[in-house]
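**Student:** here is a sequence with its predicted model. Questions after.
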Amino acid sequence: MAFLRAIFSHPSGRIGGTIVLVYLVIALLGVFGVTPHNPLQQFRIDRLHGPSMKYLMGTDLFGRDVASRLMTAIGQSFLVAFASVAIASIFGTILGLTAAWFGRLWDGLVMRIMDVLLAFPAILLALLIIAIAGPGSFTSIAAIAIVYTPIFTRVVRGPALSIKGREFVDAARTFGSSRRYILTRHLLLNLVAPLTVQVTLALAWSLLTEAGLSFLGLGTQPPAASLGLMLADSRNMMETAPWLLIFPAVAIMISILGFNLLGDALRDIFDPKTRSRPA
Amino acid sequence: MTYLAKRLLTFPLVMLGVSILVFVAIRMVPGDAITAMLGTEAGLLTPAQRQALAAYFGIDQPILVQYGHWLLGVFKGDLGISVIHGKPVLGIILERFPLTLELALLSMMIAILVGLPAGIFAATRTEKLSDLGVRIIAMIGQSTPNFVTGLLLIYALSAGFGILPTMGEFTPLTVDPLKNLGQMILPAITLGFAFAASVARISRSAMLDVLSEDYVRTARSRGAPKRWVIWRHALPNALIPVVTISGVEFGYLLGGAVLVEQIFALPGLGRLVLEAILQRDYALVQGCVLFIAFNFMVVNLLVDLAYVALDPRIRLGEGS
């Protein structure tokens, strides 16, 4: 509760937190199909209908309700983003923790592999993975997860190394605490702050990448709706039906903005050095 | 060991790792290497032709020998032959690279010309309305995917002014500079917007950090004018993180802005990779990825070198 209060008393945290909460509700409604219309139903007589009371955000070329499609698209994008970031943060944390704890050969091996992965521009690595595994939602999740794992590994390893050398860890060891207890109880708990910040920013980045990949036709496949796909479809009709472009574009922007603002706020809250000065 | 020596030593090691990853990755494509190389055309081959091709490309050799051959070729500038284009991969890449380089340079110019002054301006007026304005715009810039900016830009121009970006054949800078710039300006602004946003954010926070340092306060208390302190004392130190961010972003852009090139129909490196992937031209994918990763690493290395040159503290190993 104190944590939530801290977020909502921070100016960017308040805006970012609210945006993220609203989006989470929309995403859940979208995933469970609670939308004004069936997102796949084609209202043939109302094709390319502008925004109205019946269709809040208009209809597309096939007469499908844009608002309903947008809701399922947000659900789909959030599913991919959350799944990929969950995978990346779990693997990254395990790799970073063990690299810091065991050191030597394991540390060297893990960190060199991460160096190699970081030597690729992120989108290129994602494209390479999709080139191998073929397009689709699951490949997108895997690709984004692989791209983001090295970043979590680095974020965890640095602080883990410094915590490992602290007295309370030595003390725990002399008391005979098990390795697993020390790793989870002492190291992991102290890493919650940097991890939370990283997860939030990773979600923003992951939404962006998912949208980009589906825009290129390499992510979510039609007829399923996704933000990138909706934008790709809007390209040839932006003059006759600008609502097809504007709504998904704004939806992507605000969702990423929300996570970025929240991430910034979390960084401020966790880092006392910058607390007095919002960046 | 100094930071610099360590950095220089690991460079070839990481590059070797990258080459192994690219080599192995392409061989993980479902189906055998001939199919991977020829794509759908492989289905037309007789078993004898298949075997002959395998022998010709050395695919019947053990994997390590294959890797050795391939790596040797890479060192000699031989990245293989593109099946779709029927030309050497390196030649195709070098044809597309100037556009990508030009676009990256233009975007960086826009980013620095807009982002740096905006960041400094905001830092010297903290908590005022103008600071808030810069921060909000920068935050939006950082949260808008490049391709969304591009689409909105095209829409705004066509709906508001009836202007459509020239989508015709691309004109290289060397052929007709004016026509070329006309085609490049919108994509450069698109990429420059997000880039400028991160430059503004970094320069603002770096400037704020520096302005709270003791030596700045000392200079101010000795009666040095504010403007002089900002330009003479604060800015040079605040520039260090700005150089880093700009360098890293530039490195990304050298890999080709896949989405923006796609939207503006520019035949750059990013679109080349995308086409290669969609057409399953694996030799080309492999060559492009290796080329881009190499550039990216070189730029990152140069950024680190610049960082060391600008901040003597790192040279002594304190910052690493």
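**Tutor:** Alright, I've got the coordinates.

**Student:** which single residue in the stretch 101-250 of chain B comes nearest to chain A?
**Tutor:** Nearest residue of the stretch 101-250 of chain B to chain A: B:Ser143, at 3.9 Å (Cβ to the nearest Cβ). Backbone N, C-alpha and C define where each C-beta goes, glycine included.

**Student:** quick check, pLDDT for that residue.
**Tutor:** For B:Ser143, the pLDDT comes out at 90.

**Student:** pretty sure it sits against A:Ile256.
**Tutor:** Yes. Judged on Cβ atoms under 8 Å, B:Ser143 makes contact with A:Ile256 at a distance of 4.2 Å.

**Student:** now do the shared contacts for those two.
**Tutor:** A:Ala204 (Cβ atoms under 8 Å, 6 or more residues apart in numbering or on different chains).

**Student:** please identify the buried residues of stretch B:110-122?
**Tutor:** Across stretch B:110-122, burial judged by 16 or more other Cβ atoms under 10 Å in any protein chain shown covers B:Ile110, B:Ala111, B:Ile112, B:Val114, B:Gly115, B:Leu116, B:Ala118, B:Gly119, B:Ile120, B:Phe121, B:Ala122.

**Student:** surely the first one meets B:Ala188?
**Tutor:** Yes. With the criterion set as Cβ under 8 Å, B:Ile110 and B:Ala188 qualify as a contacting pair; they are 6.0 Å apart.

**Student:** picking that back up, could the buried residues of stretch B:110-122 go into CSV alongside distance to B:Ala234?
**Tutor:** Output for those, formatted as CSV (distance: Cβ to Cβ, whole Å):
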residue, distance to B:Ala234
B:Ile110, 24
B:Ala111, 21
B:Ile112, 17
B:Val114, 20
B:Gly115, 17
B:Leu116, 13
B:Ala118, 16
B:Gly119, 12
B:Ile120, 9
B:Phe121, 13
B:Ala122, 14
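
**Student:** as CSV, those with secondary structure and distance to chain A would be great.
**Tutor:** Shown next, in CSV, are the buried residues of stretch B:110-122 (DSSP: H, G, I helix; E, B strand; the rest coil; distance: Cβ to the nearest Cβ, whole Å):
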residue, secondary structure, distance to chain A
B:Ile110, helix, 20
B:Ala111, helix, 17
B:Ile112, helix, 20
B:Val114, helix, 19
B:Gly115, helix, 15
B:Leu116, helix, 17
B:Ala118, helix, 14
B:Gly119, helix, 11
B:Ile120, helix, 15
B:Phe121, helix, 16
B:Ala122, helix, 11
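
**Student:** and of those, the nearest to B:Gly80?
**Tutor:** B:Ala111 (35.3 Å; Cβ to Cβ).

**Student:** what residues are up against the residue nearest to the closest one when sequence neighbours are not counted?
**Tutor:** If the residues on either side of it in the chain are set aside, B:Ala111 comes closest to B:Phe195, at 3.6 Å by Cβ to Cβ, 6 or more residues apart in numbering or on different chains. B:Phe195 makes contacts with B:Ser107, B:Met108, B:Ile110, B:Ala111, B:Gly115, B:Ser246, B:Glu249, B:Leu253, as judged by Cβ under 8 Å, 6+ apart.

**Student:** kindly recompute the last result at 6 Å.
**Tutor:** Residues counted as contacts of B:Phe195 (Cβ atoms under 6 Å, 6 or more residues apart in numbering or on different chains) are B:Ser107, B:Ala111, B:Glu249.

**Student:** residue numbers of the stretch 151-279 of chain A in contact with chain B?
**Tutor:** Counting by Cβ under 6 Å from any Cβ of the partner chain, the positions of the stretch 151-279 of chain A adjacent to chain B are A:208, A:211-212, A:215, A:238, A:245, A:249, A:252-253, A:256-257, A:260, A:279.

**Student:** how about A:Phe247, nearest residue that isn't a chain neighbour?
**Tutor:** A:Met57 (4.8 Å).

**Student:** that neighbour in helix, strand or coil?
**Tutor:** coil (DSSP: H, G, I helix; E, B strand; the rest coil).

**Student:** ok, it - contacts?
**Tutor:** Applying Cβ under 6 Å, 6+ apart to A:Met57 gives the contacts A:Pro51, A:Val66, A:Ala67, A:Trp243, A:Phe247.

**Student:** show me just the buried residues among these.
**Tutor:** A:Val66, A:Ala67, A:Trp243, A:Phe247.

**Student:** do you know how far B:Asp304 is from A:Ile163?
**Tutor:** Plainly put, B:Asp304 is 27 Å away from A:Ile163 if you go by Cβ to Cβ, to the nearest Å.

**Student:** actually B:Leu152, sorry about that
**Tutor:** Distance from B:Leu152 to A:Ile163, by Cβ to Cβ: 45 Å.

**Student:** how about B:Val148?
**Tutor:** According to Cβ to Cβ, B:Val148 and A:Ile163 sit 40 Å apart.

**Student:** give me the more crowded residue out of these two.
**Tutor:** B:Val148 (29 against 18; other Cβ atoms under 10 Å in any protein chain shown).

**Student:** now the more buried one, nearest residue through space, not along the chain?
**Tutor:** That would be A:Ala249: by Cβ to Cβ, 6+ apart, it lies 4.9 Å from B:Val148.

**Student:** so where do the helices sit in chain A?
**Tutor:** For chain A, applying DSSP state H gives helices covering A:2-8, A:11-31, A:66-102, A:104-118, A:122-133, A:137-164, A:167-174, A:179-181, A:189-190, A:192-215, A:227-234, A:243-270, A:272-275.

**Student:** show me what counts as buried in the fourth one.
**Tutor:** Yep, that's helix A:104-118 we're talking about. Buried-residue list, helix A:104-118, by 16+ other Cβ under 10 Å: A:Asp107, A:Val110, A:Met111, A:Ile113, A:Met114, A:Asp115, A:Val116, A:Leu117, A:Leu118.

**Student:** contacts only, for the last one.
**Tutor:** This means A:Leu118. Counting by Cβ under 6 Å, 6+ apart, A:Leu118 has contacts A:Pro150.

**Student:** now the one 10 residues further on
**Tutor:** For A:Leu128, the residues meeting the contact criterion (Cβ under 6 Å, 6+ apart) are B:Ala25, B:Val289.

**Student:** center of chain A - which residue?
**Tutor:** A:Leu203 (1.9 Å; Cα atoms, centre = their mean).

**Student:** flag every buried residue along stretch A:123-139.
**Tutor:** Within stretch A:123-139, judged by 16+ other Cβ under 10 Å, the buried ones are A:123-133, A:135, A:137, A:139.
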